[in-house]
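# Model the following, please.
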Amino acid sequence: MKSWPSITPISIDRTLLHEYSDGDRNFEQELLHLFVDDTQQHLARLKAAISNQNFDMATREAHHIKGASAHVGAVAMFAIAAEIETLIKQKSTSPSLLLSQLETAYQDVIGMTEQWDQESTTLS
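Next comes the predicted model:
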């Protein structure tokens, strides 16, 4: 099992996000806000599924978070969600440490999104 750092080195790869949005900063912010809102719900469902040992649902939720993270350049979340998905499929160990790291990475994305919102307001 891979060991992920407790502090994520990068929340969002801006280069990837710029590629996906063709450099449209307004679209990037909209995409990030949708991601933050959507991911909050999927994280809650992932935690509940793991707690209830509902491995099918947990796999679907981890997979969804992995894919959504890739689309906004949230590389740390992508990597952690991928590892959680693998662990759940293998039913080998509990992904609780990784789940905690995923939540931390999610909070980092929220912080970066808020920071970008403030920068945009300052530039306007």
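# Which parts of this protein are helices?
Secondary structure of the chain (DSSP state H): helices located at 14-21, 25-51, 55-72, 75-90, 96-123.
# So which elements touch the fourth one?
Spelled out, it's helix 75-90. When contacts are defined as 3 or more Cβ pairs under 8 Å, 6 or more residues apart in numbering; DSSP states H and E, helix 75-90 sits against helix 25-51, helix 55-72, helix 96-123. Just so you know, the C-beta spots here come from the backbone N, C-alpha and C atoms, and that holds for glycine as well.
# picking that back up, any chance of the helices of the chain in a markdown table with mean neighbour count and mean pLDDT as columns?
Converted to a markdown table, these look like this (neighbours: other Cβ atoms under 10 Å; pLDDT from 0 to 100):
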| stretch | mean neighbour count | mean pLDDT |
| --- | --- | --- |
| helix 14-21 | 15 | 87 |
| helix 25-51 | 16 | 95 |
| helix 55-72 | 19 | 96 |
| helix 75-90 | 21 | 94 |
| helix 96-123 | 16 | 89 |
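# separation between the residue positioned nearest the centre of the chain and Ser120?
Closest to where the C-alpha atoms of the chain average out (Cα atoms, centre = their mean) is Met77, at 3.7 Å. Look at Met77 and Ser120: by Cβ to Cβ, to the nearest Å, they are 22 Å apart.
# One more: Ser100?
Distance of Ser100 to Ser120, computed by Cβ to Cβ: 31 Å.
# That concludes my questions; thank you for your assistance.
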